[in-house]
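Undergrad: Output the structure for:
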Amino acid sequence: MSRPEAISDPGKIMTLREDATANVAPVKKPILSRERMTGHLIEPQDHDSYSITAFADITDRSLHAAVARFTGGLSPAALTQAYLDWATHLANAPGKRLQLVDKAIRKAIRFGNYVSRFAGGPERTKYCIEPLPHDRRFVNDNWQKWPFCFIYQAFLLQQQWWHNATTGVRGVSQRHEEMVEFGSRQVLDMFAPSNIPLLNPEVLCRTIGTGGINLVKGFQNFIEDWERSISGKKPIGTENFAVGRDVAVTPGKVVYRNRLIELIQYVPATDKVRPEPILIVPAWIMKYYILDLSPQNSLVKYLIDQGFTVFMISWKNPDPDDRDLGLEDYRTLGVMSALDVIRAIVPNRKMHAVGYCLGGTLLSIAAAAMARDQDDRIETLTFFATQTDFTEAGELTLLIDESQLAFLEDMMWEQGFLDSRQMAGAFQMLRSNDLIWSHLVRDYLLGERQTMTDLMAWNADTTRMPYRMHSEYLRKLFLDNDLAEGRLVANGEPVTLSDIRAPFSPSVRNGITSRHGDRRTRSICKQKPRSPICSRPAATMLG
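TA: Below is the predicted model:
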């Protein structure tokens, strides 16, 4: 089979652009206020003044946006509501408080027994509490020596007691209980002995052994990171992974461009070309080359080495002018426009579609709409780290409710987008020990630098999210779960995932998607899963 050719006729490309742009959903003006009907005709003079209404709305939004700069985008009202719910019910539960006193006494006795046994023979002493399997803060051998073993054992017992105190209080809603437990855990992790230089034996040994040079290097690292952060520079070491030189080096060419995407075509590296092309839809929360890192970590290179023609969407990094782009615009200008171009380049051929993270969610919406409209251009579907049912989306849902979304929308309303640093804060909180505190100890207390990798450099190459799209994504998918329940509208009509008949492969999970959501996604789609054409290298790369 001969190699497919790119579109060379500019007129044809312009036609595709116009067709895609014609499908952009019109932007509806938000309604600032509504009058409550009271059963009688409302006279025009009874309406609130437009200027007063607009002034009130702008004032509230501006205040929320200003507060969000200090809270990292978290709503103080949502957190206060959760803690008041917990504190009020705990204050009216004398039995629960008595139980907590009993637990505190028994933990103190258990700790005292541990101390006395340790004095009689440390090598034969069994710990009174073990860290959780994923907790790597106290694995260093120095933590098993006196007095540091007492310090970290007391901390773990205290952490366990606070878990008991924040859970199991009758009358507290499950959501508020999870928020309080999560918030308490964040505070305890902040004051863990591993983060305090005088209580961390590894830091003390390094300081004594180097004469304090580690603290000098740590301070230099802190100043360097702070200067790069406030000036908007990328972290140190990312300069060794330049796009086009060290990462994203697979040869390709842009064959189509509109206001939202560039479509990149990668030709096969083999003499024999497979007939069906592959379209990869990456997430727009990060840059497209997550699937084309270094040559040894590139899914794109692997596919073209197997004889596939690969097309990859590269999303525009939105600016304030793109604030009104919505999910429907991403579907029409993104996935559907790419499908039209690929059909023109490789006519009369179905294609394999691959979606990663948010791109996979968008691809599932597009595939459901195509199935509804009897469009059978997609042969198979493959999803990586993709969620379509958000009923059990993990701890990330703790940061999404009506109060939190209103606060976040006001922050995005002011600037027209959600900034990458504001997004990063939420994800770092989900794994604070790994992404925040271990970094603090290693870089600033031990004076070390973690070696930069291609994946870390990609993670530092951040993007923004348009105001309208991100608001729709959080409300319609995370909060209301419209996609899984068949209420999400595409092209004026609702879409249903069970309409999809194309074979699909199960999602390769990452640290954000949950196995429960992945399992529910499989149950929604009636087509049986099949073995994906590219799961092995992708699973290795995405970890």
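Undergrad: pLDDT score for the nearest residue to Glu414 once chain neighbours are set aside?
TA: Computed as Cβ to Cβ, 6 or more residues apart in numbering, the closest residue to Glu414 that is not its neighbour in sequence is Ala65, at 3.9 Å. Every residue, glycine included, has its C-beta placed from N, CA and C. In this model, Ala65 is scored at 81, pLDDT.
Undergrad: quick one: contacts for Ala65?
TA: Contacts for Ala65 were tallied using Cβ atoms under 8 Å, 6 or more residues apart in numbering; they are Asp410, Met411, Trp413, Glu414, Gln415.
Undergrad: Among these, which one has the most neighbours?
TA: With neighbours defined as other Cβ atoms under 10 Å, the most crowded of these is Met411; it has 22 neighbours.
Undergrad: Let me know the secondary structure of the residue nearest to that one when sequence neighbours are not counted.
TA: In space, not counting the residues next to it along the chain, Met411 is nearest to Ala68; the distance is 4.0 Å by Cβ to Cβ, 6+ apart. In three-state terms, and counting by DSSP: H, G, I helix; E, B strand; the rest coil, Ala68 is helix.
Undergrad: For Ala68, report the pLDDT, please.
TA: On pLDDT, Ala68 comes in at 79.
Undergrad: ok, back up a step: would you mind giving the contacts of Ala65 as JSON lines with distance to Asn214, secondary structure and pLDDT added?
TA: Formatted as JSON lines, the entries for the contacts of Ala65 read as follows, by distance: Cβ to Cβ, whole Å; DSSP: H, G, I helix; E, B strand; the rest coil; pLDDT from 0 to 100:
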{"residue": "Asp410", "distance to Asn214": "43", "secondary structure": "helix", "pLDDT": "87"}
{"residue": "Met411", "distance to Asn214": "38", "secondary structure": "helix", "pLDDT": "84"}
{"residue": "Trp413", "distance to Asn214": "45", "secondary structure": "helix", "pLDDT": "86"}
{"residue": "Glu414", "distance to Asn214": "42", "secondary structure": "helix", "pLDDT": "83"}
{"residue": "Gln415", "distance to Asn214": "39", "secondary structure": "helix", "pLDDT": "85"}
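Undergrad: May I see the residues you listed arranged in JSON lines, with distance to Thr388 as well?
TA: Formatted as JSON lines, the entries for these read as follows, by distance: Cβ to Cβ, whole Å:
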{"residue": "Asp410", "distance to Thr388": "28"}
{"residue": "Met411", "distance to Thr388": "27"}
{"residue": "Trp413", "distance to Thr388": "28"}
{"residue": "Glu414", "distance to Thr388": "31"}
{"residue": "Gln415", "distance to Thr388": "29"}
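Undergrad: Pick out whichever of those residues sits closest to Ile313.
TA: Proximity to Ile313 was ranked across the contacts of Ala65 by Cβ to Cβ; first place goes to Gln415, at 25.0 Å.
Undergrad: got a list of what that closest one touches?
TA: Contacts here follow Cβ under 8 Å, 6+ apart; on that basis Gln415 touches Ala65, Pro320, Tyr467.
Undergrad: mind checking how far it is from Ile196?
TA: Shown here: Gln415 relative to Ile196, a distance of 37 Å by Cβ to Cβ, to the nearest Å.
Undergrad: Does Pro503 touch Ile378 like I think?
TA: No: no contact is recorded between Pro503 and Ile378 when judged using Cβ atoms under 8 Å, the distance being 9.9 Å.
Undergrad: higher neighbour count, the two?
TA: Residue environment comparison for Pro503 versus Ile378 gives the larger neighbour count to Ile378, 23 against 18, counting by other Cβ under 10 Å.
Undergrad: Is the more buried one bridged to anything, and to what?
TA: For Ile378, the beta-bridge partners are Met351 (DSSP bridges).
Undergrad: unless I'm mixing things up, it is touching Phe504, no?
TA: No: at 9.7 Å, Ile378 does not count as touching Phe504 under the criterion of Cβ under 8 Å.
Undergrad: What segments of the stretch 251-400 of the chain are helices?
TA: In chain order, the stretch 251-400 of the chain shows helices spanning 299-305, 327-329, 337-345, 358-372, with DSSP state H, counting those that start in this stretch as the criterion.
Undergrad: can I get the CA coordinates of the third one in CSV?
TA: Included here for helix 337-345 are C-alpha records, laid out as CSV according to Å, rounded to 0.1, in the frame of the first residue of the first chain:
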residue,chain,number,x,y,z
SER,A,337,-12.2,18.4,12.6
ALA,A,338,-9.3,15.9,12.9
LEU,A,339,-11.5,13.0,11.7
ASP,A,340,-12.6,15.1,8.7
VAL,A,341,-9.0,15.9,7.8
ILE,A,342,-7.8,12.3,8.2
ARG,A,343,-10.6,11.0,6.0
ALA,A,344,-9.5,13.5,3.3
ILE,A,345,-5.8,12.3,3.6
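Undergrad: now the angle between helix 358-372 and that helix, please.
TA: In terms of direction (axes from the mean of the first three to the mean of the last three Cα atoms, to 10 degrees), helix 337-345 departs from helix 358-372 by 70 degrees.
Undergrad: Which other helices and strands does helix 337-345 contact?
TA: helix 10-22, strand 253-257, strand 261-266, strand 278-281, strand 310-315 (3 or more Cβ pairs under 8 Å, 6 or more residues apart in numbering; DSSP states H and E).
Undergrad: quick one: the second one to strand 310-315, angle?
TA: Orientation of strand 253-257 against strand 310-315 (the same axes, to 10 degrees) gives an angle of 50 degrees.
Undergrad: buried residues in strand 253-257?
TA: By neighbour count with 16 or more other Cβ atoms under 10 Å, strand 253-257 contains the buried residues Val255, Tyr256.
Undergrad: Which strands and helices lie in contact with that strand?
TA: Applying 3+ Cβ pairs under 8 Å, 6+ apart, one finds that strand 253-257 contacts helix 10-22, strand 261-266, helix 337-345.
Undergrad: Of these, which shows the lowest average pLDDT?
TA: For the helices and strands packed on strand 253-257, where the average pLDDT is lowest is helix 10-22, sitting at a mean of 45.
Undergrad: which residue packs closest to Asn164, ignoring adjacent ones?
TA: Ranked by Cβ to Cβ, 6+ apart and with sequence neighbours excluded, the top spatial neighbour of Asn164 is Lys103, at 5.7 Å.
Undergrad: Doesn't that neighbour belong to a helix?
TA: Yes: the assignment for Lys103, made by three-state DSSP, places it in a helix.
Undergrad: Quick check, it in contact with Gly168.
TA: No: at 11.1 Å, Lys103 does not count as touching Gly168 under the criterion of Cβ under 8 Å.
Undergrad: and Ile278, how many neighbours?
TA: Under the neighbour criterion other Cβ under 10 Å, Ile278 is assigned a count of 26.
Undergrad: what sits opposite it in the beta ladder?
TA: Taking DSSP bridges, one finds Val310, His352 as the beta-bridge partners of Ile278.
Undergrad: Could you single out the nearest of the contacts of Gln415 to Ser229?
TA: Comparing these against Ser229 with Cβ to Cβ picks out Ala65 as the nearest, at 20.6 Å.
Undergrad: Tell me which helix or strand comes right after the helix or strand in which the closest one is found.
TA: Assigned by DSSP states H and E, Ala65 falls within helix 50-71. Next in sequence after helix 50-71, counting helices and strands by DSSP H and E, comes helix 76-91.
Undergrad: helices or strands up against that next one?
TA: helix 174-190, helix 402-415.
Undergrad: which of these has the lowest average pLDDT?
TA: Per-segment mean pLDDT for the helices and strands packed on helix 76-91 reaches its minimum on helix 402-415, at a mean of 86.
Undergrad: Report pLDDT for Ile42.
TA: Taken from the predicted model, the pLDDT recorded for Ile42 is 48.
Undergrad: again, but for Gly72
TA: For Gly72, the model assigns a pLDDT of 71.
Undergrad: now it, nearest residue through space, not along the chain?
TA: In space, and not counting its chain neighbours, Gly72 is closest to Gly425: 4.4 Å by Cβ to Cβ, 6+ apart.
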